[in-house]
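> Give me the fold of what follows.
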Amino acid sequence: MNFSANVRSAFRRGETDAVVRMSEAEIERAQAAGDPAGEVEARYSLARVAIRGGDLPGGDARAREALEVALRSGDRSLEERPRHVLAAVARMSGDLLGARDLYRESIALNEARRGVRRRSAPRTACGLH
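Residues are numbered from 1 along each chain as shown. The predicted structure follows:
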């Protein structure tokens, strides 16, 4: 298995220490290799660990680090996961309008990647758009 599969499996099993160790090693490897996708995935994994542990500011910080790497890379597809985590943090922090906008950005990136065209703004469960 590759890093992504290994770290996701460890996360699902609740092996937080293993996720942190693997992610920190992957950040070093990815930076040395010039692999922004690997670095984004590792920082995203650290954000998920922080959120699972109740550390929303830490999750936000790790997701922002991942987004910065994605933006520097110029590969828009790398932005989706960090933006999704930032939306989740905003939602869990009570910033529902901010979360809505961040989720929309994440959805738009997914749709652009898949070639989906949208005619109108999406409606949310609470009727906001």
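> For Arg64, grab the count of nearby residues.
Close neighbours of Arg64, defined as other CB atoms under 10 Å, add up to 16. (C-beta placed from N, C-alpha, C; glycine too.)
> quick one: contacts for it?
By CB atoms under 8 Å, 6 or more residues apart in numbering, the residues touching Arg64 are Pro82, Leu86.
> confidence score at it?
Arg64 carries a pLDDT score of 98 in this model.
> Provide the secondary structure category for it.
Using DSSP: H, G, I helix; E, B strand; the rest coil, the structure places Arg64 in helix.
> Now stretch 85-101: average pLDDT?
For stretch 85-101, the per-residue pLDDT averages 96.
> cool, and stretch 18-26?
Rounded mean pLDDT across stretch 18-26 is 98.
> Can you mark which positions in that stretch are buried?
Residues of stretch 18-26 classed as buried: Val19, Val20, Met22, Ser23, Glu26 (neighbour count, 16 or more other CB atoms under 10 Å).
> Hmm, Ala90 is touching Gly98, no?
Yes - in this structure, Ala90 is within contact of Gly98 by CB atoms under 8 Å, at 4.3 Å.
> Nothing else from me, thank you.
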